[in-house]
Every structure is written in C-alpha cells, then in structure tokens.
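Novice: structural data only, the sequence is not supplied:
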C-alpha cells in the first residue's frame, strides 16, 4: 500500500514538473523596459512605473519609449543598430511587460516564444478595466534574443488605474529584490 502510494506521488510530481519550463536564476543587472500594451498612455505609465522600481533597487534601465518613436514598430528593437545603442549603454536584457489578464489563476508562459513572436503578439488587455478586482502582469526577459526568464505578478484589490500603478510599484519592488537580483 505504501509503495503504491509513493509511486503514485512520484509519478504525479514528475508529470507536474514535466510540463513546466525551468529557468536559471535571472540575476538582473540591467534592462530595456518594453511595455506591451495598445494604448500609448498605458505604455508610458507602465514603463515609467517599472523603470522607477528598477532604479530604486539600483538596476540600470531604460524605457523603450526613449528608443522607439511614438507608435513605432517594436520589431525595431531587434535591429543591430538598436542592439549597438543598448550595448553602448550597458544594457543586455530586454524586459517585456504585458497584462496577462484579470484573473488570479494564471501560470507563467511555457518559454516557447521567440523575441520576434513576443514583440509581434497582440495585447488584449489594458492596465485597468472597470468592474475588475485583480490584474496579472507577465514579465519576459530576453538576452541575445532568447527567453531567459518569465514571471507573473498578481495585483488584487484594485478599483482604479492609479491604484493598479501604485500597487504595482509596491509589489514589484519586493519581487525584484526577492526573485530577480
């Protein structure tokens, strides 16, 4: 009886672990922050909020709005000229931030997406939507065009766009120190 129960538990753990992509520790030292949102005001607000948090914990960063023209194609971020500009500024990590949805049951992406696919992907959600109480942000980190880490940040108890951004700053600062550096 004990042997079959142990076998069952071992099999269950193996199956759960098999479907998840494991990433090595991130060790974030620098980042180009790219918000993946449709509205330009949301892009700006999200990038500035994330940049402020990173700066507060001494992580060198830059927002994509300093590299891209307003409304520009994010695929430009993959060009050699932009890569050279970023390298000259000491930035080798691209951090894509998007709203995953308004639910608490999300799991991080599997890690099968390329940088080109990620930049081209449509974003379905704004930062805030009336009548919701939680929002989940997803963070993808790329180095040399390859996904090296992915993470989620869930924020609950929201009732306005400003509250989302305030809570994002507070919770993200803790996550950065705990999981990313």
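Specialist: In hand now; what should we look at? Since the structure is predicted, the reported quantities are computational estimates derived from the model, not experimental observations.
Novice: now do the contacts for the most centrally placed residue in the chain.
Specialist: Nearest to the mean C-alpha position of the chain, by C-alpha atoms, centre = their mean, lies residue 139 at 0.9 Å. Each residue near residue 139 by C-beta atoms under 8 Å, 6 or more residues apart in numbering is listed here: 95, 96, 97, 149, 150, 151, 152, 153. For glycine as for every other residue, the C-beta is placed from the backbone atoms N, C-alpha and C.
Novice: how far off centre is the host helix or strand of it?
Specialist: Using DSSP states H and E, residue 139 maps to strand 134-143. Mean-position distance between strand 134-143 and its chain equals 2 Å (C-alpha atoms, centre = their mean, to the nearest Å).
Novice: what helices or strands is the following helix or strand past it leaning on?
Specialist: Per DSSP H and E, the first helix or strand lying C-terminal to strand 134-143 is strand 146-156. With contacts defined as 3 or more C-beta pairs under 8 Å, 6 or more residues apart in numbering; DSSP states H and E, the packing partners of strand 146-156 are helix 115-120, strand 134-143, helix 161-175.
Novice: the protein: helices as residue ranges?
Specialist: 2-18, 40-56, 80-88, 115-120, 161-175 (DSSP state H).
Novice: about what we covered before: where's the residue nearest to the centre of the chain relative to residue 131, distance?
Specialist: Distance of residue 139 to residue 131, given as C-beta to C-beta, to the nearest Å: 26 Å.
Novice: and of the contacts of residue 139, the nearest to residue 43?
Specialist: Lowest distance from residue 43 to these (C-beta to C-beta) belongs to residue 97, with 9.5 Å.
Novice: quick one: residues contacting residue 95.
Specialist: Residue 95 is in contact with 28, 31, 32, 33, 34, 50, 61, 139, 140, 141, 142, counting by C-beta under 8 Å, 6+ apart.
Novice: verify the contact between the fifth one and residue 98 for me.
Specialist: No. Look at residue 34 against residue 98 with C-beta atoms under 8 Å: they stay out of range, at 9.2 Å.
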